[in-house]
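Visitor: Return atomic coordinates for the entry below.
(chains A and B)
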Amino acid sequence: MIGYIGRRIVAIVPIVFIATLITFALIHISPIDPAEAYLTAAHIYPTDELLQQKRHEFGLDRPLLVQYVHTLGNIATLDFGKSYLTNQPVWNEVVSKLPATTELAFWSMLFSALVSIPLGVLAAVYKNSWIDMLSRIIAYLGASIPQFWLGYLLIFFFAVKLDWLPVEGRGDWRNLVLPTMTLSMVLIAVYTRLLRASMLDQLQETYVQYARMRGLRERVIMLKHVLKMAIMPLISGMGINLGKLLTGTIIVEQVFSWPGFGRYFVEAIFNRDIPVIQCYIFFAACLFILCNLLVDLVQLYMDPRISLKGRAKR
Amino acid sequence: MIKRWKAIFLGQKAIMICSILIIIFFGAALLAPWIAPHDPIKVNLLQKLKDPSAEHLLGTDHLGRDTLSRLLYGARISLGFATVIFISSLGIGLIIGALAGYMGGWIDSILMRLCEGIMAFPNLVLVLGVVGIFGPGLMQVLLALMLVQWVYYARVCRNMVVSLKQQNFITAARISGSSSWKIIYKHIIPNIQRPIIVIGTLEMGWAIMDISALSFLGLGIQPPHAEWGAMIHEGTSYIRSHPELMIYPGMFILVVVVTFNILGEALSEKYGVKRR
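Guide: Predicted structure coming up:
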């Protein structure tokens, strides 16, 4: 088991390495000259002399390999350079934006789990009933509704028409309700269908028949035996669908003027703030690697057979 | 009752209804210059924020532009670009997938690792990264979406080629002197048609959503052109007085995407194709 964990951690090293390579390559593929972007963001007219000076300052006139090694060193010490716009270290700004995004992501995860677990179980147990139909409708809606539009619809009904909740900004719990609901919709759709499918798979297993033969109550069989096994794909699904959460925060933060990392990133795109863009991409890559590892470890804990037969199929 | 609904939703009928709807959407988009009652970008401040009337069936926006006309022209952008993305990513995917499957060995493993890497990453983050690097604009969005969508076709194509390579009828065709092109044309393409139709249908829906999301963020189409996502963005400033300005375009996106999704699911059920 420890060997398995070790192997998984070692396997991460080359992936992180590739992520740094991509982060580095981006700046050289881009048609945007960092020196020019910097001067534009600082509202300085780019003369040739100033451009040369900035390029030298950024080290862009050095050989590529030297630049890469330099970048690697910087990334290792979490130094992503200074934002062209504010002239503050990017990492400090990112750290100050992260809590807002994490807060939103956490509540959305929790809320969607609280809705989709009961809904998924009921949809599987009462297959083809109205509740199954409801879960199907939610799945279609969640997959097809533009998230930003959903956000504005919620603002329209709950903030403008009913005046129950604030329109935008971050503050107490009332500010959290609408963004969380918006972000959760897609996740609920995915999780519910995932859990329903894996519940139905588990219900075919012989241990369910055996439990029924022993005369256990149906509720006990479902909640104590079937759900325990069926929830595994949901956990890996949560890890894999973290991408939806991440892209969701970008859009939802924009809609609700939520001062998080996603909004910071979109602003950086408009301002051609290359260090921020690089940092976001690298950060997103690392988050992915980390979450996949975490999912594997949770699965390992719940089903120790995995360490023998390799990674479980989802 | 529910069984009957399910049969309608997931059966032959669904495929027919959705196909007809999609033909209508495309027809409306193609015919927009002829059926739209007004010029979609003509500003008329005397007519701004008008309620629906015989002249303007769905009212006008903050610059006095006819909402219905803008919605119809918006369909051209969403559906047109989604189609371009579909065709180009299908082309790239087929070539790379066939190459990987045919060659095998290290070429295969490098290409497939690349695909897995792209698939593991959330689409929109990748697209935003590309747009961030190359700057905002519809062309960049197009390029970025192509870059993330070919992988699904490549995977299907590669797997199909690998499994077909070992089939006897391919060997037989080769022994009897068929050229590689003929084998690809006669045997391989008919076999990958079905999964590709399914993936293509579902990807059309995603592409439309992604294009609208990027336009909403202001990174895709630039004003004054009409696009659904951009229209929602413009409409949000008038959410208190004229909410319909942002409600209509959203409904259009929702209906089109739902149609593509239901069609995709119905087709995958009919053909027995597993979705990704």
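
Visitor: wouldn't A:Ala123 be in contact with A:Asp132 here?
Guide: Yes: in this structure A:Ala123 lies within contact range of A:Asp132 using C-beta atoms under 8 Å: 4.4 Å. Every residue, glycine included, has its C-beta placed from N, CA and C.

Visitor: who touches both of these two?
Guide: Counting by C-beta atoms under 8 Å, 6 or more residues apart in numbering or on different chains, the contacts common to A:Ala123 and A:Asp132 are A:Arg196.

Visitor: What is the neighbour count of the residue of chain B found nearest chain A?
Guide: Using C-beta to the nearest C-beta, B:Pro122 is the residue of chain B that sits closest to chain A, at 2.7 Å. As a burial measure, B:Pro122 scores 23 neighbours (other C-beta atoms under 10 Å in any protein chain shown).

Visitor: Now the phi/psi pair for B:His56, please.
Guide: Main-chain dihedrals, B:His56, degrees, to the nearest 10: phi -120, psi 100.

Visitor: Look at A:Gly44 and give its secondary structure.
Guide: Let me fix one detail, which is that residue A:44 is Ile and not Gly. coil (DSSP: H, G, I helix; E, B strand; the rest coil).

Visitor: Now do the contacts for it.
Guide: By C-beta under 8 Å, 6+ apart, A:Ile44 lies in contact with A:Leu50.

Visitor: again, but for B:Phe216
Guide: Contacts of B:Phe216 by C-beta under 8 Å, 6+ apart are A:Pro146, A:Phe148, A:Ile251, A:Gln254, B:Gly229, B:Ala230, B:Ile232, B:His233.

Visitor: which residues sit in contact with residue 159?
Guide: By default, I'm working from chain A. Neighbouring residues of A:Ala159 by C-beta under 8 Å, 6+ apart: A:Leu165, A:Pro166, A:Val167, A:Leu178.

Visitor: Let me rephrase: I mean chain B.
Guide: By C-beta under 8 Å, 6+ apart, the contact set of B:Asn159 is B:Gly101.

Visitor: re earlier: isn't the residue of chain B closest to chain A right next to A:Ile250, touching?
Guide: No: B:Pro122 lies out of contact with A:Ile250 (C-beta under 8 Å); the separation is 9.6 Å.

Visitor: what residue ranges in the stretch 101-250 of chain B score low on pLDDT?
Guide: Residue ranges of the stretch 101-250 of chain B with pLDDT under 70: B:120.

Visitor: count of residues packed around A:Val255?
Guide: 24.

Visitor: and for the helix or strand hosting A:Met238, what are the contacting residues?
Guide: Following DSSP states H and E, one finds A:Met238 within helix A:227-240. For helix A:227-240, the surrounding residues in contact (C-beta under 8 Å, 6+ apart) are A:109, A:113, A:117, A:120-121, A:124, A:190-191, A:194-195, A:197-199, A:201-202, A:205, A:291-292, A:294-295, A:298-299, A:302-303, A:312, A:314.

Visitor: ok, 6 Å please
Guide: Applying C-beta atoms under 6 Å, 6 or more residues apart in numbering or on different chains, the set of residues contacting helix A:227-240 from outside is A:Leu194, A:Leu195, A:Ser198, A:Met199, A:Gln202, A:Cys291, A:Val295, A:Val298, A:Arg314.

Visitor: do the same with stretch B:32-43
Guide: Contacts of stretch B:32-43 (C-beta under 6 Å, 6+ apart): B:Leu63, B:Asp66, B:Ser69, B:Arg70, B:Leu72, B:Tyr73, B:Arg76, B:Pro224, B:Ala226.

Visitor: of all those residues, which two lie farthest apart?
Guide: B:Leu63 and B:Arg76 (19.5 Å; C-beta to C-beta).

Visitor: How is chain A divided into domains?
Guide: A:2-76, A:100-313 (automatic domain parsing).

Visitor: What parts of chain A come near chain B?
Guide: Within chain A, the positions near chain B by C-beta under 6 Å from any C-beta of the partner chain are A:26, A:30, A:128, A:133, A:140, A:143-146, A:148-149, A:152, A:156, A:160, A:243, A:246-247, A:266, A:269, A:277, A:281, A:284.

Visitor: Now a PyMOL select for only the buried ones of these.
Guide: Selecting only the buried entries of the residues of chain A next to chain B in PyMOL, with 16 or more other C-beta atoms under 10 Å in any protein chain shown as the criterion:
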select buried, chain A and resi 26+30+133+140+143+144+145+146+148+149+152+156+243+246+247+266+269+277+281+284
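
Visitor: confidence score at A:Gly310?
Guide: The model reports A:Gly310 with a pLDDT of 51.

Visitor: ok, back up a step: columns neighbour count on top of the contacts of helix A:227-240, output as TSV?
Guide: Output for those, formatted as TSV (neighbours: other C-beta atoms under 10 Å in any protein chain shown):
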residue	neighbour count
A:Leu194	24
A:Leu195	26
A:Ser198	22
A:Met199	24
A:Gln202	21
A:Cys291	18
A:Val295	20
A:Val298	15
A:Arg314	14
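
Visitor: Distance check, the most centrally placed residue in chain B against A:Arg136.
Guide: Centroid-nearest residue in chain B: B:Met204, 2.0 Å away (criterion: C-alpha atoms, centre = their mean). Per C-beta to C-beta, to the nearest Å, B:Met204 is found 21 Å from A:Arg136.
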